[in-house]
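Student: this one's sequence-less:
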């Protein structure tokens, strides 16, 4: 079965940093695009970014709200994708989900999410 | 960025009702449109991709249609487990964007 498990969430002060991890199992991780999506308390879904599956160059895309502060990376040998979050703001408080996107499909499996709270 | 809108923002319906949710994009996205269902406290669940293709395991009471800028999600006969919030998402161009959601409640 396909599984995605996020970890690394917690409470951090404004201006701080946090790194989220997502481990996948039950599928060929290196073949998939991996996305991060977040949801602020009581709000809708917001796409954060993507790590493409391109084996030659691991390119990434970001939402404007996080570009320059967040970095997505991956380690296919560990079936893992990461979200490095720097210069955190209170408005980054959200549940962060990772999801996989098989080429031609979109975000067909999601993890359970990890809560990031940015507060002093 | 491509803006997504949904209507209605919420609706009340009874078990057995046919329900239709509309999603509109600010630009032509061809058929690069997905639908997700989310229940309180749970991760979103993918229902439909490429406008009308059901994800594996999704029951056929869900259907999607449209192209260009106007899309619909239809639930043919609403069941108790279908009461949730539904989101559309465009993935034609980066950054991908979601609609604001439609909450389907019990009448």
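Tutor: Good, I have the coordinates. All values reported here derive from a predicted model rather than from experimental measurement.

Student: How much space separates the residue nearest the centre of chain A from residue B:82?
Tutor: Residue closest to the average C-alpha location in chain A (Cα atoms, centre = their mean): residue A:36, at 3.1 Å. Going from residue A:36 to residue B:82 by Cβ to Cβ, to the nearest Å gives 27 Å. For glycine as for every other residue, the C-beta is placed from the backbone atoms N, C-alpha and C.

Student: ditto for residue A:38
Tutor: 25 Å.

Student: Out of these two, name the residue with the larger neighbour count.
Tutor: residue A:38 (24 against 20; other Cβ atoms under 10 Å in any protein chain shown).

Student: three-state assignment of that one?
Tutor: strand (DSSP: H, G, I helix; E, B strand; the rest coil).

Student: Near the closest residue to it other than its chain neighbours, how many other residues are there?
Tutor: Distances taken as Cβ to Cβ, 6 or more residues apart in numbering or on different chains place residue A:94 nearest to residue A:38, at 3.9 Å, with adjacent residues excluded. If you count neighbours by other Cβ under 10 Å, residue A:94 ends up with 22.

Student: can you tell me which residues contact residue A:94?
Tutor: Residue A:94 makes contacts with A:38, A:39, A:40, A:41, A:43, A:46, A:115, A:116, as judged by Cβ atoms under 8 Å, 6 or more residues apart in numbering or on different chains.

Student: Redo those as CSV? Include pLDDT.
Tutor: CSV is the format used below for these (pLDDT from 0 to 100):
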residue, pLDDT
A:38, 98
A:39, 98
A:40, 98
A:41, 97
A:43, 98
A:46, 98
A:115, 98
A:116, 98
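
Student: Quick check: of those residues, which has the highest neighbour count?
Tutor: In those, the most neighbours by other Cβ under 10 Å go to residue A:38, 24 neighbours.

Student: Can you tell me how far it is from chain B?
Tutor: 11 Å (Cβ to the nearest Cβ, to the nearest Å).

Student: do the same with residue A:5
Tutor: 11 Å.

Student: Distance of that residue relative to residue B:22?
Tutor: For residue A:5, the distance to residue B:22 equals 35 Å [Cβ to Cβ].

Student: Chain B contacts on chain A?
Tutor: Counting by Cβ under 8 Å from any Cβ of the partner chain, the residues of chain A close to chain B are A:35, A:37, A:44-47, A:49-50, A:61-64, A:97, A:104-113.

Student: Got a quick ChimeraX command for the buried subset of those residues?
Tutor: Restricted to buried positions by 16 or more other Cβ atoms under 10 Å in any protein chain shown, the ChimeraX selection for the residues of chain A next to chain B reads:
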select /A:35,37,45,46,47,49,50,61,62,63,97,105,106,107,108,109,110,111,113
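
Student: Which residue comes closest to the most far-flung residue of chain A relative to its centre once chain neighbours are left out?
Tutor: Centroid-distance maximum for chain A: residue A:120 at 23.4 Å, with Cα atoms, centre = their mean. The shortest distance from residue A:120 to any non-neighbouring residue, by Cβ to Cβ, 6+ apart, is to residue A:13 (5.4 Å).

Student: swap in residue B:18?
Tutor: Going by Cβ to Cβ, 6+ apart, residue B:18 has residue B:76 as its nearest residue, at 5.8 Å.

Student: neighbours of the one you found, just the number please.
Tutor: The local packing of residue B:76 (other Cβ under 10 Å) involves 14 other residues.

Student: average model confidence for stretch A:78-86?
Tutor: Average pLDDT, stretch A:78-86: 98.
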